[in-house]
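J.: The sequence and its predicted three-dimensional model are supplied below.
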Amino acid sequence: MVVLLWLGLPLPTVLATLKCSEFFGKLSALHRFAQHELIDWGAVPRLGGMAVVGGAVGSYCQVALSPDLLEWVIVVMFIGLWLYLTLFKRVVDGLNLDQPWLLDVMFLGTCMYWGFVGSGGGMLALVVLHVFGGYSLVAANANKTLPTLLAHGAGLLVVATAGSVSWGHAVPFSVGAVVGAWVGVGVLTRTSEAVARGCLVLLLSVVILRFVFS
């Protein structure tokens, strides 16, 4: 997202274009995670159904609402995730929030965010599955992949139909996403929880600074 913003694309076009690269990147990652047997296939029907519905509804809102609102939603979400990972993780994890109904509510909201904004939705889904689903950070990252794929697929249909995608940028970014996901999953499966958390904090910090100083 940061690169496309630096290239001068307006935020709604950036978010719509990223749905394409996210879709193909997640397709590549799903294949790799399945090879490593990290996918909880029993949870797929429930989470996948919410992903399709939430992704489509959120994407419709993205097309209809103000770009200024989109930017505020992104900033608030990223800051919230940063605070959880850096300051409040131990407190939140101790609240026993691993409840099926809470997971359903929070994950549906995450899927709507995927469709509405997209950027950072994977990190939000990772935290939701970790806190409310009881998955480790690595397993949560694996099990968000298929729902993310479905949400971005549904969202991509909406924004492509609306003519919001910059295909000249979407194609090379999608190729990069496929290669990056393939390599990244291989590295992630050999990574400790602490390193995975540190990488998330670093990525969140870069994106937040980009918005603060833009």
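T.: Noted; the coordinates are in hand.

J.: Isn't residue 30 up against residue 145?
T.: Yes. With contacts counted by Cβ atoms under 8 Å, residue 30 reaches residue 145, the gap being 4.7 Å. Placement of C-beta: from N, CA and C, glycine included.

J.: overlap in contacts of the two?
T.: residue 39 (Cβ atoms under 8 Å, 6 or more residues apart in numbering).

J.: Show me which of the two is the more surrounded one.
T.: Ranked by neighbour count (other Cβ atoms under 10 Å), residue 30 and residue 145 place residue 145 first, with 25 against 18.

J.: Can you check the pLDDT for the more buried one?
T.: Per-residue pLDDT puts residue 145 at 90.

J.: so what's it up against?
T.: For residue 145, the contact set (Cβ under 8 Å, 6+ apart) comprises 26, 29, 30, 33, 39.

J.: any idea how far residue 8 lies from residue 206?
T.: Counting by Cβ to Cβ, to the nearest Å, the separation of residue 8 from residue 206 is 19 Å.

J.: wait, which of the contacts of residue 145 is closest to residue 170?
T.: residue 26 (14.5 Å; Cβ to Cβ).

J.: circling back: neighbour count: residue 8 and residue 206, which is higher?
T.: Taking neighbours as other Cβ under 10 Å, residue 8 and residue 206 compare with residue 206 leading, 11 against 8.

J.: List the contacts of the strand or helix carrying that one.
T.: Assigning secondary structure by DSSP states H and E places residue 206 in helix 193-212. Residues from elsewhere that reach helix 193-212, judged by Cβ under 8 Å, 6+ apart: 1-2, 5, 71, 74-75, 78-79, 81-82, 85-86, 89, 119-120, 123, 126, 136-138, 141, 188, 191.
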